[in-house]
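> heads up, no residue letters with this:
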């Protein structure tokens, strides 16, 4: 299959403040325009969105199981690698982020071993693991220099992931879209930082540049952003899904284990459209906890989203969205540090102008 040349995109902000960037793993330094990892999302995240995210300077990610046939994962990885290599060659001055693949570590995922082998063959820069401790994934990925970040919702989950040797933790806190925990990000991040000083990525209703900065102020290194990218031009989401995101508020989010057996956040209007009462859902359906390739997903039109949807009102391109987030991030820094407001990086100039890298 051939693909048309990549369209030009606005040059994003030049860099992160060096004091913050120095805390990142070496593979991420010099590649990001914002301290953001785009969360991998069921159906929504595909090659087009991932490439757009990476070209904008944030880590793009997709679930391996989104490539519905196992052999198609190989094609997806080849396409993403080729498109990003072409973009780097065409614009060597651009900060282009690495990408990540999400692997579900669960007994029902009969593709896990094969999909990990495919990631190893393509030397995927980052693998994000979810659910069970990722012991079987860590060694083969780290053997070629890849990074493994693991989703956790409790301190005990974090401890188990660290015992497995992961390179970083993703704290999936209250308010995050899709599968999510119940702990406040303040609580979970505070507990994790008592035992771990390595890379931490924080999630939970992060949809704006000021929220990205807040995550860093709390002690996270990177923000994990999912729902905001559903409503973008490149997202593989139905038009009705994107429109529903722009109309939703936090009160429209329902937290339930019913659909997959794992508690998660979903849009109430999509639940109602599926013929169910969002306020009277049954308990957890343990039979729904199947993450392999053996059967179609019965609730594919029940749509996940986080509590941050109330700030989402449009459907921009990914490049335009990341540029906007960069401006919001700089403006938030200026509000908190008015003495530095004259710095081009902190309000008086657009990101990407001279001085952005000099902010600390």
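That came through fine. Please read all numbers here as calculations on a predicted model, not as lab measurements. Numbers count the residues shown, from 1 in each chain.

> for this protein, longest helix please?
Using DSSP state H to assign secondary structure, the helix with the most residues in the chain is helix 70-90.

> And that helix, what's buried?
When neighbours are counted by 16 or more other Cβ atoms under 10 Å, the buried residues of helix 70-90 are found to be 73, 74, 76, 77, 79, 80, 81, 83, 84, 87. Bear in mind the C-beta positions are built from the backbone N, C-alpha and C, glycine included.

> cool, stretch 188-203 as well?
Neighbour-count burial for stretch 188-203, counted by 16+ other Cβ under 10 Å, picks out 188, 189, 192, 196, 199, 200, 201, 202, 203.

> JSON lines please, covering the residues you listed and showing distance to residue 126, secondary structure and pLDDT.
As requested, those are exported to JSON lines (distance: Cβ to Cβ, whole Å; DSSP: H, G, I helix; E, B strand; the rest coil; pLDDT from 0 to 100):
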{"residue": "188", "distance to residue 126": "21", "secondary structure": "helix", "pLDDT": "98"}
{"residue": "189", "distance to residue 126": "21", "secondary structure": "helix", "pLDDT": "98"}
{"residue": "192", "distance to residue 126": "19", "secondary structure": "helix", "pLDDT": "98"}
{"residue": "196", "distance to residue 126": "18", "secondary structure": "coil", "pLDDT": "98"}
{"residue": "199", "distance to residue 126": "11", "secondary structure": "coil", "pLDDT": "97"}
{"residue": "200", "distance to residue 126": "15", "secondary structure": "strand", "pLDDT": "98"}
{"residue": "201", "distance to residue 126": "11", "secondary structure": "strand", "pLDDT": "98"}
{"residue": "202", "distance to residue 126": "16", "secondary structure": "strand", "pLDDT": "98"}
{"residue": "203", "distance to residue 126": "15", "secondary structure": "strand", "pLDDT": "98"}
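
> quick one: the helices in the stretch 201-350 of the chain?
For the stretch 201-350 of the chain, helices defined by DSSP state H, counting those that start in this stretch occupy the ranges 209-218, 227-230, 239-247, 268-273, 318-336.

> Could you identify which of those helices is most buried?
Taking mean count of other Cβ atoms under 10 Å as the contact definition, the stretch among the helices of the stretch 201-350 of the chain with the greatest mean neighbour count is helix 227-230, which reaches a mean of 28.

> List of residues touching that helix?
Applying Cβ atoms under 8 Å, 6 or more residues apart in numbering, the contact partners of helix 227-230 are 38-39, 41, 44-45, 49, 53, 177, 206-207, 235, 237, 241-242, 245, 305-306, 308-309, 312, 318, 321.

> Strands - which of these land there?
Among these, DSSP state E puts residue 38 in strands.

> Could you report the distance from residue 17 to residue 24?
Residue 17 is 11 Å from residue 24, where distance means Cβ to Cβ, to the nearest Å.

> Compile the buried residues of stretch 188-203 into CSV and extend it with columns for distance to residue 144.
Rendered in CSV, the data for those read as follows (distance: Cβ to Cβ, whole Å):
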residue, distance to residue 144
188, 31
189, 30
192, 27
196, 24
199, 19
200, 24
201, 22
202, 27
203, 27
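
> Determine which two of the residues you listed are furthest apart.
Longest distance between any two of these is 16.5 Å, between 196 and 203; criterion Cβ to Cβ.

> Not counting sequence-adjacent ones, nearest residue to the residue nearest to the spatial centre of the chain?
Residue closest to the mean C-alpha point of the chain, counted by Cα atoms, centre = their mean, is residue 39 at 1.7 Å. Nearest-residue entry for residue 39: residue 226, 3.3 Å, with adjacent residues in sequence omitted and distances by Cβ to Cβ, 6 or more residues apart in numbering.

> before we move on, what about residue 37?
Computed as Cβ to Cβ, 6+ apart, the closest residue to residue 37 that is not its neighbour in sequence is residue 59, at 4.2 Å.

> Who are the contact partners of that neighbour?
Contacts were defined as Cβ under 8 Å, 6+ apart; by that measure residue 59 touches 28, 32, 36, 37, 38, 53, 97, 98, 99, 100, 126, 222.

> Centre of the chain to stretch 33-45, how far?
3 Å (Cα atoms, centre = their mean, to the nearest Å).

> should've said stretch 41-59
Distance of stretch 41-59 from the chain centroid (Cα atoms, centre = their mean) equals 9 Å.

> how near is residue 97 to residue 84?
Going from residue 97 to residue 84 by Cβ to Cβ gives 9 Å.

> shared neighbours of the two, anything?
Shared contacts of residue 97 and residue 84 (Cβ under 8 Å, 6+ apart): residue 54.

> Count the residues that sit near residue 260.
By the measure other Cβ atoms under 10 Å, the count of residues near residue 260 is 22.

> And the helices in the stretch 1-150 of the chain, which stretches?
18-21, 47-56, 70-90, 112-122, 135-143.

> Out of these, which is closest to residue 273?
helix 47-56 (23.7 Å).

> and the helices of the stretch 201-350 of the chain as a markdown table, adding mean pLDDT and distance to residue 162?
Rendered in a markdown table, the data for the helices of the stretch 201-350 of the chain read as follows (pLDDT from 0 to 100; distance: least, Cβ to Cβ, whole Å):
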| stretch | mean pLDDT | distance to residue 162 |
| --- | --- | --- |
| helix 209-218 | 96 | 20 |
| helix 227-230 | 98 | 28 |
| helix 239-247 | 98 | 34 |
| helix 268-273 | 94 | 36 |
| helix 318-336 | 95 | 29 |
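
> Looking at those, which is nearest to residue 113?
helix 227-230 (29.2 Å).
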